[in-house]
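K.L.:
3D, please:
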Amino acid sequence: MIDLERVKKQLIKSIHHEMPIEMILDYHDTLYAKLDAVSRYVLQELSHPNIKGPAAGQNEHFAIQQATCDVFDNTNIKYNLVETEAKGAFFPLIELKGIALLPRRSVTRQEWNKAKYMRELAKQNQNENLNFKQDDLFTPTTTATTDNYSNYITNKILVIVDICFLDKVYIKFVVPSSDLKDIHLTVSLEDVISDIETVSDTKDAEVNPTSKLKKSLLELDKIVKNA
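P.N.:
Residues are numbered from 1 along each chain as shown. Alright, predicted model coming up:
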């Protein structure tokens, strides 16, 4: 039986390893500023319910995209607004060394499955695509590419950044199963902030924590599929 608390610790360590905590906090503050601004606009300027309801969700969607651009422009972290297939919409994708972060407005898992790009990216959290090798413990993973059918190919772990705005910003880091039917792991921003390690073991520092997480996720995805 796999120890989920141990795997959650691995996810937190991976986030710390791949993104400076100052940047995580800056992202939180920028998200709050953008989401608060669009929320006030909807409340103050839109009155008809048939306009107000859809506008709130759409404005939050674009506010998250803009906050991502504002924070990760001019940094050494690769991010992009990726065009969907069929074309006409975009989604933000932040590519860390071993994790692909997908920031999204908080919705149900049923809504996830409506987005083709999410179905394709989630497939990377399965055995044949994560492709764990012992060498991964000490080497970085490759960058994301697309195949001839515009499917997203990466051996990075997909982590959904679930963003909810209710007077304040609530952020969760969610690792879905490869079929989007289950959630393997969820850790909150508060979990990540409170678990900052001030002292690390020298031997552990030599090991890529994301690769440890990758190995654990292979076990989890196998358990889910066999259930």
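K.L.:
I'd like to know how far the closest residue to V42 other than its chain neighbours sits from F91.
P.N.:
Of all residues not flanking V42 in the chain, A56 sits nearest, at 4.9 Å (C-beta to C-beta, 6 or more residues apart in numbering). For every residue, glycine as well, the C-beta is placed using N, CA and C. The gap separating A56 from F91 is 19 Å, by C-beta to C-beta, to the nearest Å.
K.L.:
And those two? Which one has more around it.
P.N.:
Of the pair A56 and F91, F91 is the one with more neighbours under other C-beta atoms under 10 Å, namely 20 against 17.
K.L.:
can you confirm that one is in a strand?
P.N.:
Yes: F91: assigned to a strand according to DSSP: H, G, I helix; E, B strand; the rest coil.
K.L.:
residue boundaries of the strands in the chain?
P.N.:
Using DSSP state E, the strands of the chain run over 78-83, 90-95, 99-105, 145-146, 152-153, 157-165, 169-176, 183-188.
K.L.:
Distance to I15 added to those, as a markdown table?
P.N.:
Putting the strands of the chain into a markdown table (distance: least, C-beta to C-beta, whole Å) gives the following:
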| stretch | distance to I15 |
| --- | --- |
| strand 78-83 | 15 |
| strand 90-95 | 11 |
| strand 99-105 | 7 |
| strand 145-146 | 23 |
| strand 152-153 | 21 |
| strand 157-165 | 8 |
| strand 169-176 | 6 |
| strand 183-188 | 8 |
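K.L.:
in stretch 218-227, what's buried?
P.N.:
By neighbour count, with 16 or more other C-beta atoms under 10 Å as the criterion, the buried positions of stretch 218-227 are L218, L220, D221, V224.
K.L.:
pLDDT and distance to V82 added to the residues you listed, as TSV?
P.N.:
Compiled in TSV, those are given as follows (pLDDT from 0 to 100; distance: C-beta to C-beta, whole Å):
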residue	pLDDT	distance to V82
L218	80	26
L220	83	26
D221	78	24
V224	71	27
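K.L.:
which of these lies closest to L185?
P.N.:
L220 (7.9 Å; C-beta to C-beta).
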